[in-house]
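Engineer: Structure here, sequence nowhere to be found:
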């Protein structure tokens with residue numbers, strides 16, 4: 001079994017030495033997605049809700065490129081720059097996982113790439 005690199009122009013290009021996602025067998029491991037607009041590679045304006053929305057859209061684009069989806073996500077790790085944004089972040093996050101939500105860790109971190117407010121990574125499977 002060999003690793004397959006997942007890449008799509010519908011999500012931001014990597015800003016370092018990493019892939020958008022890797023697939024091994026039917027398992028998909030995404031890199032953390034941040035609120036970069038794929039076409040411009042600029043941070044979206046707004047607060048945590050706007051950033052979370054774009055992060056989740058970017059994550060869904062990477063999953064789609066791997067023939068996975070929100071329904072096949074089994075674990076996410078969410079990083080917030082301020083845990084006071086937890087409720088606002090959850091409002092957005094819950095729209096992407098309305099039923100049978102995946103397992104999740106959500107932590108506050110000192111700093112995220114490009115000083116964004118939120119980052120999310122996922123583990124999923126393909127059908």
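Structural biologist: Perfect, I can see it now. Since this is a predicted model, take the numbers as computed values, not measurements. Numbering: from 1, shown residues only.
Engineer: model confidence over stretch 72-92, on average?
Structural biologist: Over the span of stretch 72-92, the pLDDT mean works out to 98.
Engineer: same thing with stretch 21-35?
Structural biologist: pLDDT averaged over stretch 21-35 gives 98.
Engineer: Tell me which residues of that stretch come out buried.
Structural biologist: 21-23, 28-35 (16 or more other Cβ atoms under 10 Å). C-beta coordinates here come from the backbone N, C-alpha and C atoms, glycine included.
Engineer: Quick check: the farthest pair among those residues?
Structural biologist: Pairwise distances across these (Cβ to Cβ) peak at 24.1 Å, for the pair 23 and 35.
Engineer: For this structure, which segments are assigned as strands?
Structural biologist: Secondary structure of the chain, counting by DSSP state E: strands at 3-6, 21-24, 27-30, 73-80, 103-108, 118-125.
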